[in-house]
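Asks: Sharing a model that was predicted from the sequence below.
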Amino acid sequence: MARTGRLTWGWSLALWLGALLLAVSVTPRTVVRYTQWRQLRLETAQLEQELLALQQQERILQQELQRVQTPPGRESLARQRGWIRKGEEPLRINP
């Protein structure tokens, strides 16, 4: 019986050492994977915010495009750029 007890104790020790070796060898890779996952999560959140901002900017530009495709909108845009109609005199204010 003493031999069986030592044999069981030896196998138990070998299994624990194997589990410890496996845990130590896997842990650095796990930390790297977790770090990569966390970094990707942060980048994804940032890119989603940028996407929302760009979608809002696109809506604003679409509205501006629709506005300037009408005759009053075209005239307004031309006047903002300093254009005048034929025969009009530009108003100049000297400071």
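Replies: That came through fine.

Asks: and residue 84, what helix or strand is that in?
Replies: Using DSSP states H and E, residue 84 sits in no helix or strand.

Asks: Now do the contacts for it.
Replies: Residue 84 is in contact with residue 90, counting by C-beta atoms under 8 Å, 6 or more residues apart in numbering. In this view, the C-beta of every residue, glycine as well, is placed from N, C-alpha and C.

Asks: Residue 76 versus residue 57, what's the distance?
Replies: Counting by C-beta to C-beta, to the nearest Å, the gap from residue 57 to residue 76 is 21 Å.

Asks: who's more crowded, these two?
Replies: residue 76 (13 against 10; other C-beta atoms under 10 Å).

Asks: The more buried one: what's it in contact with?
Replies: Taking C-beta under 8 Å, 6+ apart as the test, what residue 76 contacts is 67, 68.

Asks: Need phi/psi at it.
Replies: phi -60, psi -40 (degrees, to the nearest 10).

Asks: What score does it have for pLDDT?
Replies: For residue 76, the pLDDT comes out at 87.

Asks: how close does it get to residue 64?
Replies: Distance from residue 76 to residue 64, by C-beta to C-beta: 11 Å.

Asks: Quick one: the strands in this structure, in order.
Replies: Using DSSP state E, no strands are found in the chain.

Asks: centroid residue for it?
Replies: residue 47 (1.9 Å; C-alpha atoms, centre = their mean).

Asks: need the helices for the chain, in chain order.
Replies: Ranges of helices in the chain, per DSSP state H, are 2-68, 71-80.

Asks: To residue 89, which of those lies closest?
Replies: helix 71-80 (14.0 Å; C-beta to C-beta).

Asks: Can you pull out the low-pLDDT segments for this protein?
Replies: Applying pLDDT under 70 to the chain flags the ranges 1-5.

Asks: again, only this time at 80
Replies: Along the chain, the model assigns pLDDT under 80 to residues 1-7, 24-26, 28-29, 90-92, 95.

Asks: hang on, the earlier thing: got the helices of the chain as TSV, with distance to residue 89 columns?
Replies: Below are those laid out as TSV (distance: least, C-beta to C-beta, whole Å):
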stretch	distance to residue 89
helix 2-68	25
helix 71-80	14
